[in-house]
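Q: Got a predicted structure plus its sequence, pasted below:
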Amino acid sequence: MAKQIMPFFTIGMNLPFLRNIENLKGKRVILRLDLNVSIKDGYVFEDFRIKKIIPTLEYLTSKGAKTVIIAHLDKKEGKSLEPVARYLFPFFPKLRFLPDLYSNEAKEEWKNLPEGGLILFENIRNWKGEEENNPVFAEYLASFGECYVNDAFSVSHRNHASIVGVTEFLPSYLGPLFEEEIKNLSKAFDPSHPFLFILGGAKFETKIPLLEKFLPLADKVFVGGAIANDFFKAQGNFVGDSLVSETNIDLSKFLSNEKIILPVDCRTQHKGFRYTKKPSEISVGEKIWDAGEKTAKNISKLIKEASFIVWNGPLGNIEVGAKEGTIEFAKMIASSNATSIVGGGDTITALEKTEYFNKFTFVSSGGGAMLDFLANETLPGIEAIKKQKHPPKIPKPASKKSWLKKIFS
Ligand code: 3PG
């Protein structure tokens, strides 16, 4: 049995999963999904997360469950999940989209839901009780089901009613996508070597726990994206108008760490012109946008030699279309022999439509949740399932070996 699956054994063996429910026929299931996708002009623009949960919906409908889906949408994407319902409808013609979970129509539809039927409720964050984790709201949500399944790994770092609160009232399980996430991400806790960790994106303060955790575990840590600007600044370089963390972070303990590799050149933008420069050459008003080509060349040897790569966060500012550095790294990783685990919302935005996207070993659906899971080896959503008041009985495996064999065969 390969060493990298042992962490999943430690985290996953005693957790109840959807596959542990023996008879789903006619069973009322509350299914929490993360359908927080990019929507433009009323249409789904990025469907990565939706595609990932289609097998879960197919499983529940084919087993005859009566499923109520609870999901959220980030305020910046608008308030309504209706475009997502329209996207799902060709796959699941029996799906009903219900805008108001308190309406008589909702209660009536719920009562008459056929076996294999699906209800999708409107954006759960439109109700105040969700983000407050209000217990009355959580109990109301629970009243729609006989059991609860969380297949929303990517929002399970939130202490919200539909993630945490509802587990107080119903036997609760994790779904298949959640299981895949734990199985793949937990490989990082007992990595094969050489292990290359690549950390990009912005908001350095949210990434410090990851650096602290993975510096001892990884052989090399490449730091890119806006968080590299914080390093350039701490090294005494002038960074012009480049994005840096708002808070002053003491980087001295990281600066002297020989495992950390920084970009050797940067793509920049100044007065409408683009340049490639060394981090020490940035002038007044100039912005670092991305890692440069030399940086990619320098890292190529490490990528080729790596046995295991974890990558979170893009190397450039994706919001302004600076994708080149991220794509150069993706190309090298996709053609390497390493086990590769990639994630983060902006990284997915940059890579989803490229030919490299399907070539990684695993792409996590999580942004903040991936960071938190990697840093803490758990999430509030997992802890809630572990500590639930009505734990479902799950068949105990005969031995650790038989359990691993069943899960990984
Ligand atoms: C995400 O997009 O990372 C998840 O859906 C969580 O969204 P949130 O950061 O708005 O809670």
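A: Structure received. Numbering: from 1, shown residues only.

Q: Give me the buried positions along the helix or strand containing Ala350.
A: Applying DSSP states H and E as the criterion places Ala350 in helix 345-351. For helix 345-351, burial by neighbour count (16 or more other CB atoms under 10 Å) applies to Gly345, Asp346, Thr347, Ile348, Thr349, Ala350, Leu351. (C-beta placed from N, C-alpha, C; glycine too.)

Q: residues contacting the fourth one?
A: In this structure, Ile348 makes contact with Glu46, Phe48, Val363, judged by CB atoms under 8 Å, 6 or more residues apart in numbering.

Q: List the ones among the residues you listed that fall in strands.
A: Counting by DSSP state E, those place Val363 in strands.

Q: Compare the contacts of Ile348 and tell me which is most surrounded.
A: Neighbour counts for those were taken using other CB atoms under 10 Å; the highest belongs to Val363, with 22 neighbours.

Q: where's that residue relative to Leu371, distance?
A: 15 Å (CB to CB, to the nearest Å).

Q: mind showing which ranges of this protein have poor pLDDT?
A: Within the chain, the segments meeting pLDDT under 70 span 1-6, 9, 77, 397-398, 403, 407-409.

Q: phi, psi of the residue minimising distance to the centre of it?
A: Nearest residue to the geometric centre of the chain (CA atoms, centre = their mean): Gly366, 0.4 Å. The phi and psi torsions at Gly366 (degrees, to the nearest 10) take the values phi -90, psi 150.

Q: circling back: now flag whichever of the buried residues of helix 345-351 is closest to the ligand.
A: Nearest to the ligand among the buried residues of helix 345-351: Gly345, at 5.6 Å, using CB to the nearest ligand atom.

Q: shouldn't the residue nearest to the centre of the chain be in contact with Leu374?
A: No - Gly366 is beyond contact range of Leu374, at 9.2 Å (criterion: CB atoms under 8 Å).

Q: Next, show the common contact partners of these two.
A: Contacts common to Gly366 and Leu374, judged by CB under 8 Å, 6+ apart, are absent.

Q: Spell out which helix or strand contains Tyr140, please.
A: Using DSSP H and E, Tyr140 falls within helix 135-142.

Q: thinking in terms of the whole chain, how far from its middle is that helix?
A: 26 Å (CA atoms, centre = their mean, to the nearest Å).

Q: same deal with stretch 273-289?
A: 32 Å.

Q: Equivalent analysis for stretch 223-240, please.
A: On CA atoms, centre = their mean, the centre of stretch 223-240 falls 26 Å from the chain's centre.

Q: Check stretch 185-201 too.
A: Stretch 185-201 sits 15 Å away from the centroid of its parent chain (CA atoms, centre = their mean).

Q: How about that stretch, which residues are buried there?
A: Of the residues in stretch 185-201, those buried by neighbour count under the rule 16+ other CB under 10 Å are 185-189, 191, 194-201.

Q: Now for those residues: which two are most distant?
A: Pro194 and Gly201 (23.1 Å; CB to CB).

Q: Give the burial count for the residue of the stretch 301-409 of the chain found nearest the ligand, as a bare number.
A: When scored by CB to the nearest ligand atom, the stretch 301-409 of the chain has Gly367 as its residue closest to the ligand, at 3.7 Å. Gly367: 22 surrounding residues under other CB under 10 Å.
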